[in-house]
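S.K.: got a sequence here, can you model it:
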Amino acid sequence: MRPSTLILAAVCSHAAQETSDVTTIFVGGLPSSGTRVAAEALAHLGARGWGDAAWDSGVGCCEAMGLLARRVRSASELPTSRAFLSRSDSAALDGILRKQLHTYRRGRLTKFHARTADGGEALLVKEPELSLLLPWLPLSNASYVHVVRDGRDQALGASSGWPLELFGEALVPDKRPSHLRKLTIWAIWNTATDATLANLALPSVVVRLEDLRGKRAASTLRRMADAVLPGAVNVAAAVDALSGDLGTSGKEGTGSLARKDTVAKWRRSRHRFDAMDDLSKRALRKYGYSVRERRRRKPS
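M.R.: Next up is the predicted model:
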């Protein structure tokens with residue numbers, strides 16, 4: 001049953017002041033892109049005594065995505081602004097998300113903790129769907145981290161199937177193999193997120209999972225902190241601590257956050273990506289990933 005707009009508006013009004021007074025860092029990206037690594041990395045920055053973290057916040061709830069998916073199926077595209085939904089649907093989605101954040105803030109869902117420059121607490125909310133829900137999130141006193149992973153590796157990830165199930169018929173209605181259709185959705189999703197961020201006056205940063213490895217990890221973490229958590233200190237210690245938590249310390253090099261087996265996984269797979277479409281190729285190149293072209297046979 002669809003939630004009442006009046007009830008959601010009341011919840012929105014009740015929680016608006018609370019959520020606007022809290023420093024909130026949203027972390028999003030496609031599923032199986034490394035949002036967990038990025039969120040935990042931020043939680044380590046200057047954090048003191050942060051407790052157990054649950055990776056799924058509940059903010060990207062089924063109600064919100066169901067409402068959004070109906071419009072995606074009719075428009076055959078992903079949202080880049082609030083104009084994507086009608087006024088009544090936008091109000092309903094606003095209410096759903098504020099209600100979830102209110103619950104999250106009150107501690108009924110476990111949460112990440114990070115430390116702000118003045119010693120206050122920042123609320124970290126990690127969920128892949130957040131990148132599609134950005135236009136409707138309460139963004140006062142908020143920032144956003146978008147995590148990108150090589151689309152070919154993301155397409156082979158354990159959680160990569162649901163975007164195809166939810167949006168496949170609308171965005172990639174062709175009959176190509178599923179891993180190629182997933183790659184195209186990866187390209188469409190990240191392109192839409194880029195457009196959304198361009199439309200919003202929101203402190204944000206885009207990071208690649210592959211850059212949270214080895215010698216690039218510390219500089220990438222510093223770039224994240226400068227964008228969404230100014231004043232964070234002790235980056236090197238955070239990198240070391242996180243490497244130990246993920247079991248990568250001493251295996252892929254000091255300060256390696258993302259496990260080695262998450263990088264270039266597609267090269268070791270039986271799935272072939274030579275037949276990817278041009279949209280996928282452009283998106284891969286945009287984020288700095290090499291595109292292996294099919295070698296043409298010389299005429300005999």
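
S.K.: what stretches of this structure score poorly on pLDDT?
M.R.: When residues are selected by pLDDT under 70, those of the chain lie in 1-22, 45-61, 106-121, 231-234, 241-258, 260, 293-300.

S.K.: if you set the cut-off to 90 instead, what comes out?
M.R.: Residues of the chain that meet the criterion pLDDT under 90 lie in 1-26, 31-32, 34-66, 96-130, 137-142, 157-161, 174-175, 201, 211-272, 292-300.

S.K.: how about the helices in it?
M.R.: 5-20, 35-44, 62-75, 87-105, 130-133, 151-155, 161-171, 178-199, 216-228, 235-245, 278-286 (DSSP state H).

S.K.: and the third one, what does it pack against?
M.R.: When contacts are defined as 3 or more CB pairs under 8 Å, 6 or more residues apart in numbering; DSSP states H and E, helix 62-75 sits against helix 87-105, helix 130-133, helix 161-171. Glycine gets a C-beta too; all of them are placed from N, C-alpha and C.

S.K.: list just the one of these that sits closest to R268.
M.R.: Nearest of the helices and strands packed on helix 62-75 to R268, taken as CB to CB: helix 161-171 at 19.8 Å.

S.K.: tell me which residues are up against the closest one.
M.R.: The contact list for helix 161-171 (CB atoms under 8 Å, 6 or more residues apart in numbering) reads 30-31, 65, 69, 72-78, 172, 178, 181-182, 184-185, 188-189.

S.K.: what are the buried residues along it?
M.R.: Applying a neighbour-count criterion of 16 or more other CB atoms under 10 Å, the buried positions in helix 161-171 are 163-164, 166-168, 170-171.

S.K.: likewise stretch 75-90?
M.R.: So, applying 16+ other CB under 10 Å, buried residues of stretch 75-90: 78-80, 82, 84-85, 89-90.

S.K.: sorry, back to before: buried ones among the contacts of helix 161-171?
M.R.: Buried positions within those, assessed by neighbour count (16+ other CB under 10 Å), are 30-31, 65, 69, 72, 78, 172, 181-182, 184-185, 188-189.

S.K.: pick the one among these closest to D211.
M.R.: Taking CB to CB as the measure, L30 is the one of these closest to D211, at 16.4 Å.

S.K.: quick one: the closest one from R222, how far?
M.R.: Distance, L30 to R222, using CB to CB, to the nearest Å: 24 Å.

S.K.: ditto for W136
M.R.: 31 Å.

S.K.: just want to know which of the two has more residues nearby.
M.R.: Taking other CB atoms under 10 Å, W136 and R222 do not tie; W136 has more neighbours (24 against 16).

S.K.: apart from its neighbours in sequence, what residue is nearest the more buried one?
M.R.: Once flanking residues are discounted, W136 sits nearest to L93: 4.6 Å by CB to CB, 6 or more residues apart in numbering.

S.K.: how about A75?
M.R.: F84 (7.2 Å).

S.K.: ok, T24 next?
M.R.: T24 sits nearest to A142 (CB to CB, 6+ apart), 4.3 Å away.

S.K.: surely L97 and P138 touch.
M.R.: Yes: the pair formed by L97 and P138 meets the contact definition of CB atoms under 8 Å, at 7.0 Å.

S.K.: perfect, I'm done here.
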